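> Below are the sequence and a predicted model; questions follow.
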Amino acid sequence: MLTTSHGRVSTNTIRQWMYYATAPCRAGPCPHDRQRDTCDWFDRTSGHHCPSTLSPHRVRTGSITWQLNRGLDEHEVSRRVNASPETIRKHYDVADADEEFHQRRSRTVDRLSMEETDDHE
C-alpha cells in the first residue's frame, strides 16, 4: 500500500523506517550521550543498532493498546489490525495496572451514582 518513486515499499524498508522514526534522539537529546552528526546509529539504515529504537512489532502493540485504551471495542480493533480478539487479549493488550484500574472504574462508576436519574429507574 505504500509506494516510493521506485515502486512498492518492501517489508525491510518499513522496518528500517520504523527504527529510524522511533529513535529517541529525533525528538530530544540522545539517551546514550551521542551526537547526531557523528552517531553511527542515526543513519536511516543503521537505526536498528540503537538500543532505544522500537521494532515494528512494538509499535503495533502500542497502537493496539492505545486503540483499546481509547474505548474502541476489541472486535473493531481486531478487524482493523487483522488479529482475533483472543490474540489481542493474550498478546497485545499491555495496559499497566493503573490503566486497567481506570478502565474497570470507568465502566462501573456511573452505575454507582447516588443521584436518582430517569435512566436508572
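Great, that's in hand. Numbers count the residues shown, from 1 in each chain.
> For L54, which non-adjacent residue is spatially closest?
T22 (4.1 Å; C-beta to C-beta, 6 or more residues apart in numbering). All C-beta spots, glycine's among them, are computed from the backbone N, C-alpha and C.
> Hmm, V59 and the one you found touching each other?
Yes. Counting by C-beta atoms under 8 Å, T22 touches V59, with 6.9 Å between them.
> Strands along the chain, start to end?
All strands of the chain, identified by DSSP state E, fall at 3-4, 7-8.
> Return the list of strands paired to the first one, each annotated with direction.
Strand partners for strand 3-4, identified by DSSP bridges, are recorded as strand 7-8 (antiparallel).
> Kindly tell me how buried D93 is, as a neighbour count.
For D93, the count of nearby residues is 20 (other C-beta atoms under 10 Å).
> Surely it touches I64?
Yes. D93 is within contact range of I64, at 6.9 Å (criterion: C-beta under 8 Å).
> one step back: who has more neighbours out of T22 and V59?
More crowded of T22 and V59, by other C-beta under 10 Å: T22, with 19 against 14.
> List the contacts of the more buried one.
By C-beta atoms under 8 Å, 6 or more residues apart in numbering, the contact set of T22 is G47, T53, L54, V59.
> run the last query once more with 7 Å
Contacts of T22 were listed using C-beta atoms under 7 Å, 6 or more residues apart in numbering, and they are T53, L54, V59.
> So the protein: which segments form each domain?
If you go by automatic domain parsing, the domain ranges for the chain are 1-54, 55-121.
> returning to what we had before: now distance to L2 and pLDDT too, for the contacts of T22, in TSV please.
Listed next are the contacts of T22 as TSV, based on distance: C-beta to C-beta, whole Å; pLDDT from 0 to 100:
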residue	distance to L2	pLDDT
T53	19	86
L54	19	81
V59	15	84
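> Could you provide those residues in TSV, with additional columns for distance to D33?
Below are these laid out as TSV (distance: C-beta to C-beta, whole Å):
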residue	distance to D33
T53	16
L54	20
V59	25
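> wait, C50 sits on C39?
No. At 8.1 Å, C50 does not count as touching C39 under the criterion of C-beta atoms under 7 Å.
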